[in-house]
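In: A predicted structure for the sequence below; I have some questions about it.
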Amino acid sequence: MSAVETTPAARKTALYASHRESKAKMVEFNGWEMPVEYSGIIAEHLAVRNAVGIFDVSHMGDICLAGTEALTAVQHISMNDASRLSLGQAQYSALLYPQGTFVDDVVVHRLGSEEYLLVINAGTREKDFNWVRDNTREFDCRVENLSDRFTQIAIQGPKAASLLQKLTDTDLATLKFYWFRRARLCGLDDILIARTGYTGEDGFEIYIPSDEGVSRRVWNDLFAAGRDAGAIPCGLGARNTLRLEARLPLYGHEISDTINVWEASLDRFCKLEKEEFIGREALARAKEAPLRRKLVGIEMKERGIARDGYKVWSQEGREIGWITSGSYAPFLRKNIALAYVPPEFSAPGRELSVEIREQYVGARVVPTPFYQRPRKT
Amino acid sequence: MKYPSDFKYTKEHEWIQVADKTAAVGITDYAQESLGDIVFLDLPKVGAQLAAGKPFGSVESVKAVSDLYAPVSGTVKEVNGELAGAPEKINQSAHSSWMIKIDLQNPNELNGLLSATDYEKFIAEESVG
């Protein structure tokens, strides 16, 4: 056992003092000192599945593209079709290298007729910003890194809407999933409220000024409004297990600069019919060739937890792939994982082994997502 | 006192409680607190030979895997199968959750382990670091 240490250089969010007061366990994550858990990962995970949980996700980055050619620029650097976005709508997308592998995955928000907001990962903030700036120079479009302007808070779970409704005048019932609007929230005007998240549940992400006093007040207001609903603070630990159950990819695990879009099974967010974007040619070519590997869901059948980087073996004793993310799944109460394996091993029901501390532990390919929220009709 | 004075401790955060020539082994409250929700326990079989300071199994929380180190050398006499089926009990009560019982091979090895007072000093320093 060794304690995780945080380096003095790690950055702190505006809510750092609140996390300390809540006795959160802090860890360094991509250069940020972030809460990994408060009351416990399982309790936090279940709060989000059954009620509502609140996350400080201010480590996420924000890039704004604005100008007469903003749409052309966004189209050039991202794989989804941003021309389909209405004002106030968002889409999952990715920035790609020319070979069709990932710079990062992003959520593209259409803020105005000529203005887009890209929400990006913490660990890739600088890389993404430089990449976006360098690849949009030819367009009439300003690129601004707004990452430090916002405290980003995620309110996630079936009771998220009723909680947030207490703090805003705007009717959240009319805000659909992956749409956003600006509204008055906690007495602050013009706050971006997006119905997005990374947990597999209904929920919201709000973008408030990164001023410490304002951030703390909103954070406290959220818990006051959510007390009856059982709202609790949730850390990166639960964020990871929640996104894993929902099979949402994490940069550096399921997607990276060596994995392409088809391998990651993100086809439905990649629009080859779009005229042009970085990575398109390579992906069109790759589509004609057989896949080398495919991301699959795995459930452990024997005792053991598959962890990131563990090797995957065929029943015949051949090393065929690797685990990208694996954990005990608190809601499903099973040991699950995501893995890259050759396509011939990717059909649900296929028996595999995972090498765990020199033992071959039985597992099976299962359909994903592992968890899907019950949808109201 | 939080850390029982009749236990001995390792710097890897195991405790050992000796009764005659048999010793019960578990992990400390500090260890369970650092790990968080414990969901998996991998223990040796009865009859396994353990060497002091070498791994004999592992404990996993939702977020982390941690090796278990044998505080002393000996033979595994008993394994707590009930605990392996409900590892969350370690979070609830680490010092009453024994994992294995060992027949001591060399009781002198116990002299090299930490007392409760020394262990508390050790973790106080480790938490600061």
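Out: That came through fine.
In: in the chain, which ranges drop under the pLDDT threshold?
Out: Answering for chain A, as no chain was given. Within chain A, the ranges that satisfy pLDDT under 70 run A:1-8, A:376-377.
In: that's the wrong chain, I wanted chain B
Out: Applying pLDDT under 70 to chain B flags the ranges B:1, B:128-129.
In: and it, which of its residues are near chain A?
Out: Contact residues, chain B versus chain A (Cβ under 8 Å from any Cβ of the partner chain): B:12-13, B:27, B:31, B:34-37, B:39-40, B:42, B:58, B:60-63, B:65-66, B:126-127, B:129. All C-beta atoms are positioned from the backbone trio N, CA, C, and that covers glycine.
In: Buried subset of those, written for PyMOL?
Out: Filtering the residues of chain B next to chain A down to the buried ones (16 or more other Cβ atoms under 10 Å in any protein chain shown) takes a single PyMOL command:
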select buried, chain B and resi 12+13+27+31+34+35+36+37+39+40+42+58+60+61+62+63+66+126
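In: What about the residues of chain B next to chain A, which are in helices?
Out: Judged by DSSP state H, the subset of the residues of chain B next to chain A located in helices is B:31, B:34-35, B:126-127.
In: Residue A:343 touches residue A:289, doesn't it?
Out: No: the criterion here is Cβ atoms under 8 Å, and residue A:343 misses it with residue A:289 at 11.6 Å.
In: the more surrounded of these two?
Out: residue A:343 (13 against 8; other Cβ atoms under 10 Å in any protein chain shown).
In: The more buried one: what's it in contact with?
Out: Taking Cβ atoms under 8 Å, 6 or more residues apart in numbering or on different chains, we find residue A:343 in contact with A:290-291, A:293-294.
In: Out of the residues you listed, the closest to chain B would be?
Out: residue A:293 (25.0 Å; Cβ to the nearest Cβ).
In: Run through the residues that contact the closest one.
Out: Neighbours of residue A:293 in contact, by Cβ under 8 Å, 6+ apart: A:263, A:321, A:340-343.
In: Would you mind checking the contacts of residue A:343 for buried ones?
Out: Applying 16+ other Cβ under 10 Å to those flags A:293-294 as buried.
In: Among the contacts of residue A:343, which lie within strands?
Out: Judged by DSSP state E, strands contain the following of the contacts of residue A:343: residue A:294.
In: all helices of chain A, in order?
Out: Secondary structure of chain A (DSSP H): helices at A:16-21, A:41-50, A:70-77, A:125-134, A:160-165, A:212-226, A:236-245, A:280-288.
In: cool, and chain B?
Out: B:29-35, B:81-85, B:89-92, B:116-128.
In: how about residue A:20, what does it touch?
Out: residue A:26.
In: Distance of it relative to chain B?
Out: Remark: distance between residue A:20 and chain B (Cβ to the nearest Cβ, to the nearest Å) = 14 Å.
In: Same check on residue A:349?
Out: Distance of residue A:349 to chain B, computed by Cβ to the nearest Cβ: 25 Å.
In: Residue A:9 now?
Out: Residue A:9 sits 16 Å away from chain B, taking Cβ to the nearest Cβ as the criterion.
In: Name the nearest residue to that residue, sequence neighbours excluded.
Out: With Cβ to Cβ, 6 or more residues apart in numbering or on different chains as the criterion, residue A:9 has its nearest non-adjacent residue at 7.6 Å, and that residue is residue A:31.
In: which residues does whatever residue of the stretch 201-350 of chain A ends up closest to chain B contact?
Out: Relative to chain B, the nearest point of the stretch 201-350 of chain A is residue A:328 (4.1 Å; Cβ to the nearest Cβ). Residue A:328 makes contact with A:241, A:305, A:334-335, B:39-40, B:60, B:62, according to Cβ under 8 Å, 6+ apart.
In: Verify the stated contact: residue A:238 with residue A:45.
Out: Yes: Residue A:238 lies in contact with residue A:45 (Cβ under 8 Å); the separation is 4.5 Å.
In: residues in contact with the residue nearest in space to the middle of chain A?
Out: Chain A has residue A:198 as the residue nearest its centroid, 4.6 Å off, counting by Cα atoms, centre = their mean. Taking Cβ under 8 Å, 6+ apart, we find residue A:198 in contact with A:57, A:154, A:239, A:242-243, A:248.
In: run the last query once more with 10 Å
Out: A:55, A:57, A:60, A:107, A:154, A:156, A:205, A:239-240, A:242-243, A:246, A:248, A:250 (Cβ atoms under 10 Å, 6 or more residues apart in numbering or on different chains).
In: Nearest to residue B:108, out of the helices of chain B?
Out: Relative to residue B:108, the nearest member of those by Cβ to Cβ is helix B:116-128, separated by 17.8 Å.
In: who's in contact with that closest one?
Out: Contacts of helix B:116-128 (Cβ under 10 Å, 6+ apart): A:1-3, A:5, B:1-11, B:13, B:15, B:28-31, B:33-34, B:113-115.
In: swap the cut-off to 8 Å and go again
Out: A:3, B:1-5, B:7, B:9, B:11, B:13, B:28, B:30, B:114.
In: Show me which of those are buried.
Out: Among these, those buried by neighbour count (16+ other Cβ under 10 Å) are B:3, B:7, B:9, B:13, B:28, B:30, B:114.
In: Test my guess that the third one contacts residue B:25.
Out: Put plainly, it is residue B:9. No: here residue B:9 lies out of contact with residue B:25, judged by Cβ under 8 Å, at a distance of 10.8 Å.
In: who touches both of those two?
Out: Common contacts of residue B:9 and residue B:25, defined by Cβ under 8 Å, 6+ apart, comprise B:15-16.
In: Any idea how many residues pack against the residue nearest to residue A:66 when sequence neighbours are not counted?
Out: Distances taken as Cβ to Cβ, 6+ apart place residue A:115 nearest to residue A:66, at 4.3 Å, with adjacent residues excluded. The number of residues packed near residue A:115 is 17, by other Cβ under 10 Å.
In: which residues does residue A:115 form a beta bridge with?
Out: residue A:66, residue A:112 (DSSP bridges).
In: Verify the stated contact: residue A:197 with residue A:203.
Out: Yes: judged on Cβ under 8 Å, residue A:197 makes contact with residue A:203 at a distance of 3.8 Å.
In: if we can go back for a sec, for the buried ones among the contacts of helix B:116-128, give me JSON lines that also has distance to residue B:89.
Out: JSON lines is the format used below for the buried ones among the contacts of helix B:116-128 (distance: Cβ to Cβ, whole Å):
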{"residue": "B:3", "distance to residue B:89": "18"}
{"residue": "B:7", "distance to residue B:89": "18"}
{"residue": "B:9", "distance to residue B:89": "20"}
{"residue": "B:13", "distance to residue B:89": "17"}
{"residue": "B:28", "distance to residue B:89": "15"}
{"residue": "B:30", "distance to residue B:89": "17"}
{"residue": "B:114", "distance to residue B:89": "24"}
